[in-house]
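Peer 1: could you look at this predicted model? Sequence included:
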Amino acid sequence: MNNVKIIVTLGPATKKLEDLKKMKDRGVDFVRINMSHSSIEDLQYFIRLSKQVGIPFIIDTEGSQIRTGDHSQDSVELQENEEIRIYNQQTVGSQKEICMRPFTILKQLEPGDLLHIDFNALILRVSDISTLPQGYITAKAVTSGIIAKNKAVAVDPAAPKNFNLPPLSEKDYESIALGLKEGIGYIAASFMRSRAFVEAVRKATQGKMKIISKIECMDGLQNLTEIMDASDYLLIDRGDLSKEVPLDHIPFMQKIILSEAVKRNKEVFVATNLLETMSREKRPTRAEVHDVIITILDGAAGVALAAETAIGKHPLECINMINKLIKQAQLVTNRQDFLKADANLTEHLRSIGYITDDELSSVLVPPHGGKLVDRMLKTPLDKKYLDSLEKVNLDENLQMDVEQIALGTFSPIEGFMDKKDFQGVLNDMRLASGVVWTIPIILDIPTETASRISKGDDIALCDDEGIMAVMHVSDKFLFDKEETSIKLYGTASDEHPGVRWINEKNPVLIGGPIDLIRRRKSEYKEYELTPRQVRRLFEEKGWSRVVGFHTRNVIHRSHEFIQLKAMEEGNCDGLFVHPVIGKKKQGDFHAKYIIHSYEEMMKSFYPRNKVIFATYATFSRYAGPREAIFTALCRKNFGCSHFVVGRDHTGVGNFYHPHASHKIFDKFPDLGVIPIKFDTVFYSEKKKAHIHGPDAKNHDEADKLHISGTQARKMFEKGESPPSWFMRPEISKMITNSIKKGEEVFVK
C-alpha cells in the first residue's frame, strides 16, 4: 500500500506535453488511451508524448467487445416496439439502421436475444434473422432509449451460448505492432474471457509486454483464477462489468477479485467511476471518496482514472485528489487485519454462488421455492451417448412443458413429477416438499415403451427435429385416470375438456429431472422471453412490484382498464403482459393477432416505459381455480409480485363458479404472489368510462354496456367492427383488414 500506482487515461482534456509533465510531477505511474475511442494516429501521438516525458505507456485494447458502428447523428431515440435493422457491414447509423462490430456477431444471434446497448440506454430484442443473407437482421425496441456510435453492447441470450469473439480486433493488432516498434512494455487486454485469450495476447505481443488482463464480463468472472494465473496484472473495469452483472453486485464482486488476487500475490488495478463527479465539478462526492479509500484497503495495487482525465474539466485536480485519498488509506497500519476480515466475507460470498446468482440481492419477488431453476445445458453432450438412449417422442404440449421446466417457469420443479409429487399435488395442492403447486406436470408413455425404461435410466426426449432433452428417470408408475380427473377437476364427466385430456393419456407416467439440449422451434420465438431475461428487464427498469396479466385473447378496452387499474391498486412499478400462445380451442384468436394487438398497444397507447410484453408458450390445463393458482405461480417466476385474477379466470364452461378462482387464493397465504381480483367490468354510456361492477353496485342497469367475446367474434366474421368502447378502432381495423384478406384470424 506504500506504492499504490496511478494510471491516467489521456484524451482531449490531457493532450499537451505540459499536461504530461504536470502528471509526472504528481506521481502518475502510467498513462494510456482507450483504443475503443481512439485511432492509430492518436496512439502514435500519445506514445510519443509519454516517451518525451518519461511516463510508461499502456496500450489499452478494444478486445472482444460488441459495439455499435458510426452514426450520422450524435444520438437518436428509439421508442418502444420501433424496428431497426442491424447490418454486418460498415453502415452509417440512423433512426432505421445501425451496424455492429465485430460483424461476425450477427450470425450468432437468435430471435429472442436481448441487446443491451450502452449503460441501460436502450434494449433491443432480436426479431428476425431470416434476412441475414442480405446482410442484416431486424430488432425491436423493448424499452425506449438512446442509440449512438461506438456504444458497448451486452447480449442477454435466450439460450446459453458461447459467442465466438476474437480476443483482439484488427485495430488491436495494429496497435500492438506499433507498440512493439516503440518498445512499449505494457498492454491492458480488454475482455479477457479465458486463459486462451490471455495466451493469444501473449503470442501477439511476442512475450515482450506485461499483460494487464481486464475483468469486465461474466466469462472473465467465471474463469477468474485461470486468467489471473496466466496474466501479469489484472484490472477491474467496473463500467463494462456492470453491463453484464447487476450494478449492486459490483462492490462485492470487486472484493472477491481483490481477495483472490491478494492470496495469489497478483496486483490488481481498479477503474471506472472513481471520481466521476470531478469530470464536471472540482470536488468529488463523499460516496466517491469512501469508494476509493475502501478500494485501496481491499487490496487494490493501483487505480485508473478514465473519463475524469480524458474528457473531464478538472484532470489535474482529479490526480491531486487521488493522491490525497491514497495518503488517507495509508494511515491504516493494520491493513492485514482489514484484509483478513474481508477474506471471511469473500469466502462466504463464494460459498453462496454470489458471482453467478443474480437473485441474491434482487428486490423482485423471489422465484417460487426460492431459486429460479435452470436446466439448460451449457455444453454439448456426446453424440455416442445420445444415440444410445431410449427415445421418447413428445407432442407439442409436452415439448412446451420440457422447455418451461428448463427455463425455470415451473420453479421449483426440475423435471416431470414422480409419484410423491404427483399425489401431493392431487391430494393437497402441494409438492412433497410442502411447496404450493396445483397442476401436475407429467410425462405419459405407452406400456411398450415403459417396459424398456427403468428407474435410473437416462432417456432422450425428442421433437420433430431430433433429441430435445435428456431425462434422468427417477420413477415409473401407473395412475388412475378417473381418480386423477375427480381430484384435479372435481368431475369425471367426459364433457369436461380436462377429463378428456386425462383419458387420452397413456397409462404409465415417468418422473425425473430433465436437461434441455435446445429450445423448441416456434414461429413466435422472438417474443418468448425467458424468466431470467424478463427478471433482468424488470431489474434494469428499477421495478420491484410488477403485476402480471394472463390472457388468451386480443386486448379489448375492459382488459386495458383492468391492467391499468391493477397497477394502481397494487402500487406497482410496471405491468407484465403475458398472453398464452400454445394450442387453442375453436373460436380463439390465433396467436399472431393477439401479438399484433399488444404491439399496437405498446406503440401507441400504454404509458411509456411501464409495460413489458412477452408471450408464454404453454397450453390450457382446463383446471379452473387450480389453474388460476398455476398461472399466478408461473408469473411469480418471471418476477411478478402481483397477478390479475378476473371473473371466471381460466374457467371451463359451467363447471366452476365464476368466483372460484378468487376464493382459492384465500387458501394459500404462503403463495408469495398477491392476487388483484376483478369481477365484471362494464362501460357506462353516461360516464363515458369503464367501471368495475362491485365499485358501482347501484349503477343504472340500463347504462351498463357489455359485449361478450363470442358476440365480438360474430361481428368480425360479418365484416363489422365492435364499438370503440369495446375495442380500440386501431385494433379492430387490424382484425377486419386481416379477415378481408382471407386470413384465418380465428381457430377453426
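Peer 2: Alright, I've got the coordinates. Residues are numbered from 1 along each chain as shown.

Peer 1: residue contacts, the most centrally placed residue in the chain?
Peer 2: Within the chain, one residue has its C-alpha closest to the average C-alpha position: by Cα atoms, centre = their mean, that is Gln533, at 2.3 Å. Remark: with contacts taken as Cβ atoms under 8 Å, 6 or more residues apart in numbering, Gln533 is in contact with Gly112, Leu114, Asp156, Ala158. No exception for glycine: its C-beta is placed from N, CA and C like everyone else's.

Peer 1: wait, isn't the first one in contact with Arg125?
Peer 2: Yes. The criterion here is Cβ atoms under 8 Å, and Gly112 meets it with Arg125 at 6.9 Å.

Peer 1: quick check: neighbours shared by the two?
Peer 2: The contact sets of Gly112 and Arg125 overlap at Glu526, Leu529 (Cβ under 8 Å, 6+ apart).

Peer 1: need the three-state assignment for the residue lying closest to Asp42 once chain neighbours are set aside.
Peer 2: On the basis of Cβ to Cβ, 6 or more residues apart in numbering, the spatially nearest residue to Asp42 that is not a chain neighbour turns out to be Ile33, at 6.0 Å. Here Ile33 takes the strand state, with states given by DSSP: H, G, I helix; E, B strand; the rest coil.

Peer 1: wait, Ile33 sits on Ser50?
Peer 2: No. Counting by Cβ under 8 Å, Ser50 is not a contact partner of Ile33; they are 9.7 Å apart.

Peer 1: returning to what we had before: show me what the residue nearest to Asp42 is bridged to.
Peer 2: Ile33 has the following beta-bridge partners by DSSP bridges: Ile59.

Peer 1: centre of the chain to the longest helix seen in the chain, how far?
Peer 2: Taking DSSP state H as the assignment, the helix of the chain that covers the most residues is helix 335-351. Between the mean C-alpha point of helix 335-351 and the mean C-alpha point of its chain there is a distance of 30 Å (Cα atoms, centre = their mean, to the nearest Å).

Peer 1: and if you look at stretch 366-375?
Peer 2: Using Cα atoms, centre = their mean, the mean C-alpha position of stretch 366-375 is found 15 Å from that of the whole chain.

Peer 1: thinking again about what came up before, among the contacts of Gln533, which are in strands?
Peer 2: Under the assignment DSSP state E, the contacts of Gln533 contribute Leu114, Asp156 to strands.

Peer 1: residues in contact with the closest residue to Ala204 other than its chain neighbours?
Peer 2: Leaving out its chain neighbours, the residue that sits closest to Ala204 by Cβ to Cβ, 6+ apart is Ile176, at 5.3 Å. Neighbouring residues of Ile176 by Cβ under 8 Å, 6+ apart: Ile59, Leu168, Ile187, Ala204, Thr205, Met209.

Peer 1: max pairwise distance over the residues you listed: which two?
Peer 2: The distance between the two most remote of the contacts of Ile176 (Cβ to Cβ) is 12.5 Å, for Leu168 and Met209.

Peer 1: may I see the contacts of Ile176 organised as CSV, with neighbour count, distance to Asn150 and pLDDT added?
Peer 2: Supplementary listing: those in CSV, determined by neighbours: other Cβ atoms under 10 Å; distance: Cβ to Cβ, whole Å; pLDDT from 0 to 100:
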residue, neighbour count, distance to Asn150, pLDDT
Ile59, 25, 18, 97
Leu168, 23, 17, 95
Ile187, 28, 21, 98
Ala204, 20, 23, 98
Thr205, 22, 25, 98
Met209, 23, 25, 98
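
Peer 1: among the residues you listed, which are in strands?
Peer 2: By the criterion of DSSP E, membership of the contacts of Ile176 in strands covers Ile59, Ile187.

Peer 1: looking at the contacts of Ile176, which is nearest Glu317?
Peer 2: Ile59 (26.8 Å).

Peer 1: which residues touch Gly179?
Peer 2: Counting by Cβ under 8 Å, 6+ apart, the residues that Gly179 touches are Ile47, Ile59, Ile187, Thr205, Met209.

Peer 1: next SSE downstream of the least confident helix or strand in the chain by mean pLDDT?
Peer 2: Between all helices and strands in the chain, the lowest mean by mean pLDDT, DSSP states H and E belongs to helix 335-351, at a mean of 74. For helix 335-351, the succeeding helix or strand toward the C-terminus, using DSSP states H and E, is helix 383-387.

Peer 1: what's the spacing between that next one and its chain's center?
Peer 2: With Cα atoms, centre = their mean as the basis, helix 383-387 stands 32 Å off its chain's centre.

Peer 1: and the residue nearest to Val435 when sequence neighbours are not counted, what pLDDT?
Peer 2: The shortest distance from Val435 to any residue other than its chain neighbours is 5.2 Å, reached at Gly369 (Cβ to Cβ, 6+ apart). At Gly369, the model reports a pLDDT of 95.

Peer 1: is Gly369 in contact with Gly434, as I believe?
Peer 2: No. Contact status for Gly369 versus Gly434: not in contact, 10.1 Å apart, counting by Cβ under 8 Å.

Peer 1: neighbour-wise, which of these two wins?
Peer 2: Neighbour count, other Cβ atoms under 10 Å: between Gly369 and Gly434, Gly369 has more, with 21 against 10.

Peer 1: distance of the more buried one from Pro694?
Peer 2: 34 Å (Cβ to Cβ, to the nearest Å).

Peer 1: so where's the stretch 301-450 of the chain uncertain?
Peer 2: Within the stretch 301-450 of the chain, the segments meeting pLDDT under 70 span 333-335, 337-338, 341.

Peer 1: go with 90
Peer 2: Segments of the stretch 301-450 of the chain classed as low confidence (criterion: pLDDT under 90) are 330-362, 378-379.
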